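sequence and predicted structure are below.
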Amino acid sequence: MLQRLSHLLGTEALTNEQIAFILDQAKPFQEFQRHPLKKLATLRGKTVAMAFFESSTRTRISFTTAAARLGADTMALQAESSSLKKGESLLDTVRTLEAMRPDGIVIRHASSGAPEFVARRLEIPVLNAGDGTHEHPTQALLDALTIRDRKGKLEGWNVTILGDILHSRVARSNIHLLSKFGVRITLCGPAMWVPRELEKLAPNLRVVHRVDEALDGADVVMVLRVQTERIHEPALAPDEYIAGYQLTPARLRLAQPDALVLHPGPIVRGLEIDSAVADGPQSGVLEQVTNGLAIRMALLYHLIGGAAADAPHPAKDRSNASD
Amino acid sequence: MRVVEKRQLLSAEEIGRTLSRLAHEIVENSGGAKDLALIGVRRRGVPLSERLAKQIRGFAKADVPVGTLDITLYRDDLSTVGPQPVVQSTQIDFPVDNRDLVIVDDVLYTGRTIRAAMNGLFDLGRPRRIRLCVLIDRGHRELPVEASFIGRTVQTSDTEIVEVRLQEIDGEERVVLVDRVP
């Protein structure tokens, strides 16, 4: 059960039971989003530190809104205006935040493994809001919730992930999560973004470079954003990407007639996805946003709620920390 | 610490008769069933509210809507308990604005559950009136909460527990008074 989970660092280490528990617990919070009065006092008096070392709009707003709707306060650190620019180390920054005694910390960082590094050094729960090319667990959980809602269950589907898999923490978290539930995963995109080695990530996973073959019979199509900011290799010309991989109505017809289309956002219309698909009846894009709130409320409730850990002040007992 | 059964408070038949009386009282004291709606508090308030609604449908020929309320997120002791309790769904598929609501629960004790239930209802709208119906009132109130409709009032001590066992949840039908003995 989630009761034994003290941080949310990634989906790879989660058990099936923990994942199912989180998805089940998101249910009442999905209903809550329809309430006329969207403010609980459940986490009143709790503070969540929002440490976004990398810029973020939707994930930050989603976590902040989730905390607000549970009655918690947030304190925000933003990459653009932070002391990082002045050369402070990650550890010094988060220790400063911790000294303000928050009850939990949400971290986004450009370096893979940063949330785990922080979790090993702080006493409070750490929630990973995306680290480098490693994981983005809340995105995978909200995707799973959207699949379960729209298709009735999570198990056994054919899921095709389309785009820059190599640099995508969204893809990685989804691969780890979905493969635990017997989902057959097809990764598709240009060879430099979808190398064969990715097949080692999980069982039931195949790499296909032809989009028609990858979409054939798919029950769910996850389209990734083309991440121009995270690409260092010689970039693919947009025209080539569009011609080879854009999800168009014609290509979507190769998938199952009721195939669900997901996109983590922000969408670049006309690049990775055609507007007719993004706004079409098979698109679950806006449900993903609402489900993100429900997933994050459920996680904040279970990880940050409850009796404060009976830990002494962090500054005191870390004097002999080995690392 | 073990738990011993001291005595039976209500038999299955007595539960049935009590609910029938409560259903009549609710309708009589509400000037009919118009605008009336029942809100069952999880868990055992849920089957009780459904049974009351069925009774009312039977004799008053009125369809009284029934909702289910989970009070977990409104509890006042969450910051003191270790692992957070599991949240269940709240299913109230009708507007509560201007409704004449009756909260239904199995046992009225400290009154804290009912305070939480009222907070939950106010998040959904502004009911015209809220009243409370309980199968057992066992005293020991910690808040100014009283029930409008009471099945049975029972004198209890602090260590005693009133256990309402219902067919739908427990597979048996009776109310017992148990005690914790060292």
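Sure thing, it's come through.

tell me which element whatever residue of chain B ends up closest to chain A falls in.
Checking chain B residue by residue against chain A with CB to the nearest CB singles out B:Pro83 as nearest, at 3.8 Å. Every residue, glycine included, has its C-beta placed from N, CA and C. Applying DSSP states H and E as the criterion places B:Pro83 outside every helix and strand.

give me the phi and psi for the residue of the stretch 51-200 of chain A found nearest chain B.
Taking CB to the nearest CB as the measure, the stretch 51-200 of chain A has A:Leu70 as its residue closest to chain B, at 8.1 Å. For A:Leu70, the backbone dihedrals (degrees, to the nearest 10) come out as phi -90, psi 0.

which residue is the nearest non-sequential neighbour of it?
A:Leu43 (4.2 Å; CB to CB, 6 or more residues apart in numbering or on different chains).

so the one you found sits against A:Tyr301, correct?
Yes. Counting by CB atoms under 8 Å, A:Tyr301 is a contact partner of A:Leu43 at 7.0 Å.

list the residues that contact both of the two?
Contact criterion CB atoms under 8 Å, 6 or more residues apart in numbering or on different chains; residues shared by A:Leu43 and A:Tyr301: A:Leu70.

and A:Thr57, what does it touch?
Neighbour list for A:Thr57: A:Pro266 [criterion: CB under 8 Å, 6+ apart].

mind redoing it with 6 Å?
With CB atoms under 6 Å, 6 or more residues apart in numbering or on different chains as the criterion, no residue contacts A:Thr57.

also the one 10 residues further on?
Counting by CB under 6 Å, 6+ apart, A:Ala67 makes contact with A:Val48, A:Thr74, A:Leu300.

chain A contacts on chain B?
B:Leu73, B:Leu78, B:Thr80, B:Gly82, B:Pro83, B:Gln84, B:Val87, B:Ser89, B:Asp123 (CB under 6 Å from any CB of the partner chain).

which among those count as buried?
Burial by neighbour count, 16 or more other CB atoms under 10 Å in any protein chain shown: within the residues of chain B next to chain A this picks out B:Leu73, B:Leu78, B:Gln84, B:Val87, B:Asp123.

list the contacts of the residue nearest to A:Leu70.
A:Leu70, A:Gly71, A:Ala72, A:Gly305.

flag the shaky bits of the stretch 1-150 of chain A, pLDDT-wise.
Under the criterion pLDDT under 70, the flagged ranges of the stretch 1-150 of chain A are A:1-3, A:79-85.

contact residues of the stretch 201-323 of chain A facing chain B?
Counting by CB under 6 Å from any CB, the stretch 201-323 of chain A comes close to chain B at A:Tyr301, A:His302, A:Gly305, A:Gly306, A:Ala307.

try 8 Å this time
If contacts are counted using CB under 8 Å from any CB of the partner chain, the residues of the stretch 201-323 of chain A sitting beside chain B are A:Ala298, A:Tyr301, A:His302, A:Gly305, A:Gly306, A:Ala307, A:Ala308.

next, count neighbours for the third one.
It stands for A:His302. Other residues within reach of A:His302, judged by other CB atoms under 10 Å in any protein chain shown, total 23.

could you confirm it falls within a strand?
No. With DSSP: H, G, I helix; E, B strand; the rest coil as the criterion, A:His302 is assigned helix and is not in a strand.

relative to A:Leu23, how far out is it?
Using CB to CB, to the nearest Å, one obtains 12 Å as the distance from A:His302 to A:Leu23.

same question, the second one
Computed with CB to CB, the distance linking A:Tyr301 and A:Leu23 is 14 Å.

ok, these two, which is more surrounded?
Higher neighbour count among A:Tyr301 and A:Leu23: A:Tyr301, with 26 against 21, using other CB under 10 Å.

contacts only, for that one.
With contacts defined as CB under 8 Å, 6+ apart, A:Tyr301 is in contact with A:Gln25, A:Phe29, A:Thr42, A:Leu43, A:Leu70, B:Leu73, B:Gln84, B:Val87.

ok, A:Glu98 next?
For A:Glu98, the set of contacting residues under the criterion of CB under 8 Å, 6+ apart consists of A:Ala49, A:Ile105, A:Leu122, A:Glu123, A:Ile124, A:Pro314.

now swap in A:Leu252 and tell me
Each residue near A:Leu252 by CB under 8 Å, 6+ apart is listed here: A:Leu215, A:Val221, A:Ala259, A:Val261, A:Val277, A:Gly280, A:Gln282.
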